[in-house]
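> Curious how this folds, go ahead:
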Amino acid sequence: ASDIALAVSSAKRGFQQWRRTPAPARGDVLRRVGDLLAARKEEISDLMTREMGKPLAETRGDMQEGIDTAYYAATEGRRLFGHTVPSELANKWAMSFRRPIGVAGLITPFNFPLAIPTWKSFPALLCGNSVILKPGEDVPHTATVLVEILLEAGLPPEVIQLVHGAGEAGAALVSHPEVPLISFTGSTETGAMVGETCGRMHKRLSLEMGGKNAMIVLNDADLDLALEGVLWGAFGTTGQRCTATSRLIVQEGVHDTFVDMLAKRTENLVLGDGRAKGTDVGPLVNPEAVAKVDRYVAIGGSESELRLGGRRAAGPGLEHGYFYQPTIFTNVAPKSRLEQEEVFGPVLAVTRVKDADEAFTVNNDVKYGLSSSVYTKDVSIAFRALTELDNGITYINAPTIGAEAHLPFGGVKQTGNGHREGGWEVFEFYSETKVGYVDYSGRLQRAQIDNY
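Numbering: from 1, shown residues only. Purely as a prediction, here's the structure:
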């Protein structure tokens, strides 16, 4: 808490300096950040893999997301548009424009140690706020390097503050009376506590929380394409994504064939050091994550049928890491715990359905609403999915993962609170609308009296 207090004091001074910097100049700093990230892409990808485990192919993607976010945010320095509108009175000018809010408190998770901090910090900085970043306690190195790059690019030091720590640091940041804005990514349970504090203190808040994302495979799907999608969606990042494909809903006409295809390919996935060539799946992030997956495997075993995996991985090179076998359960019933609750690990729950209508019902009948996907060749089903699935994001013929920096990202129900990361919408979250009137008539004008 004392670290947070020092950071807030410094960030308040930084805000007064940074808010007066023209937005295009703020964008120039972020453009240089993008250049520096691009130049160090391989180096930082390697350190991310060392720090949290996912293979280099994935940390390179994490890096690219940060690079793209930097360049996209930089362009918004010339696009923080307001409006000029006709006044109802003569000789009067009416307009709106965007203003920064103040000190932005950002709390980010371990699974995307560079991308998610850039999603939050770059728009916040572009809008003229100062930033206090509290990264996941498992990934301090990546966050430190990111802040070093921001400083190297020319960001004034007091504008960006980095505070490491676990729950105590996060709670102190959320509850600090001089931090008017909080952006949090993490579990739904922790997000509820953050929301309670921010609501009581009248803070602006963006929550990005859990997911229980389903991939729907219908009878007319390209099964080979769907297979690649579910492997990447379910077992990429060892299942440690809010957008991970944790449910597979398969129409009965292709269910048995597709599950057989999936089990065969999953058996051949290579676990190991994410820096080693040929590794498909890295370790879980820490012992607590392993214990949680163990608990849900036991739950799944009591509710459904274990088709593959279900235990910690063993073998040469796996003795000292938190490795877990990619796991598939079949005959998973709707409303069962394995089908409803977020595991955040390499565990896939497979449910059989009769038709698209039942698939859509099963998809929607969870408390989360982040991402969904449908594999079909029927354009009418595809467009029905876009409108009827209760998710913030729906993919057609692609897995439940794969956000792009220039599009809004986020979910509905207990996944989020209505705000979005990324895209054009995030700049509205990190700024306030100010309305200005300029009356040059030289007299008092009273619209409601003089006009009628």
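> any idea of the mean pLDDT in the helix or strand hosting residue 382?
Assigned by DSSP states H and E, residue 382 belongs to helix 379-388. Averaged over helix 379-388, pLDDT sits at 98.
> do stretch 301-308 as well
98.
> Just the buried positions in it, please.
For stretch 301-308, a neighbour-count test (16 or more other Cβ atoms under 10 Å) marks 303, 304, 307, 308 as buried. In short, each C-beta sits where N, CA and C put it, glycine included.
> ok, now stretch 329-338?
329, 330, 332, 334, 336, 337, 338.
> Please flag which of the buried residues of stretch 301-308 sit within strands.
Counted as lying in strands by DSSP state E, out of the buried residues of stretch 301-308, are 307, 308.
> Distance to residue 62 for the buried residues of stretch 301-308 - can I get that in CSV?
Listed next are the buried residues of stretch 301-308 as CSV, based on distance: Cβ to Cβ, whole Å:
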residue, distance to residue 62
303, 34
304, 33
307, 30
308, 28
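> And the buried residues of stretch 301-308, which is closest to residue 61?
residue 308 (26.0 Å; Cβ to Cβ).
> quick one: contacts for that closest one?
263, 266, 267, 325, 326, 327, 328 (Cβ atoms under 8 Å, 6 or more residues apart in numbering).
> quick one: which of those residues has the most company?
When neighbours are counted by other Cβ atoms under 10 Å, residue 328 leads the contacts of residue 308 with 27 neighbours.
> mind listing what residue 427 touches?
Taking Cβ under 8 Å, 6+ apart, one finds 76, 80, 98, 123, 126, 127 in contact with residue 427.
> Just those: which are in helices?
If you go by DSSP state H, the contacts of residue 427 have 123, 126 in helices.
> Kindly check the end-to-end length of stretch 398-407 for me.
From its first residue to its last, stretch 398-407 covers 16 Å (Cα to Cα, to the nearest Å).
> Run a quick neighbour tally on residue 393.
So residue 393, with other Cβ under 10 Å, has 24 neighbours.
> quick one: average confidence on stretch 203-215?
In this model, stretch 203-215 has a mean pLDDT of 98.
> one step back: out of the buried residues of stretch 329-338, the closest to residue 391 would be?
Looking across the buried residues of stretch 329-338 and measuring by Cβ to Cβ, the closest to residue 391 is residue 334, at 16.6 Å.
> Doesn't the closest one lie inside a strand?
No - under the criterion used here (DSSP: H, G, I helix; E, B strand; the rest coil), residue 334 is coil, not part of a strand.
> Excluding sequence neighbours, find me the nearest residue to it.
Nearest-residue entry for residue 334: residue 362, 5.1 Å, with adjacent residues in sequence omitted and distances by Cβ to Cβ, 6 or more residues apart in numbering.
> Taking their axis directions, the helix or strand hosting that neighbour and helix 379-388 sit at what angle?
For residue 362, the element it lies in under DSSP H and E is helix 356-364. When axes from the mean of the first three to the mean of the last three Cα atoms, to 10 degrees is applied, the directions of helix 356-364 and helix 379-388 differ by 30 degrees.
> Report the distance from the helix or strand that the helix holding residue 382 is followed by to the chain centre.
Using DSSP H and E, the helix or strand that follows helix 379-388 in sequence is strand 393-396. Centroid displacement of strand 393-396 relative to its chain, using Cα atoms, centre = their mean, to the nearest Å, is 15 Å.
> and for strand 393-396, what are the contacting residues?
If you take Cβ under 8 Å, 6+ apart as the criterion, strand 393-396 is touched by 243, 370-376, 382, 385-386, 400, 402-403, 409, 411.
> Now tabulate the contacts of residue 308 in TSV and tack on secondary structure, distance to residue 395 and pLDDT.
Output for those, formatted as TSV (DSSP: H, G, I helix; E, B strand; the rest coil; distance: Cβ to Cβ, whole Å; pLDDT from 0 to 100):
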residue	secondary structure	distance to residue 395	pLDDT
263	helix	23	98
266	helix	21	98
267	helix	26	97
325	coil	27	98
326	coil	21	98
327	strand	23	98
328	strand	21	98
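> which among these gets closest to residue 24?
Closest to residue 24, out of all of the contacts of residue 308 and judged by Cβ to Cβ, is residue 326, at 47.7 Å.
> My guess is that closest one contacts residue 266. True?
Yes - between residue 326 and residue 266 there is a contact at 5.0 Å, judged by Cβ atoms under 8 Å.
> Give me the common contacts of these two.
235, 308, 309.
> could you dump those residues to CSV with distance to residue 4?
As requested, the shared contacts of residue 326 and residue 266 are exported to CSV (distance: Cβ to Cβ, whole Å):
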residue, distance to residue 4
235, 37
308, 45
309, 41
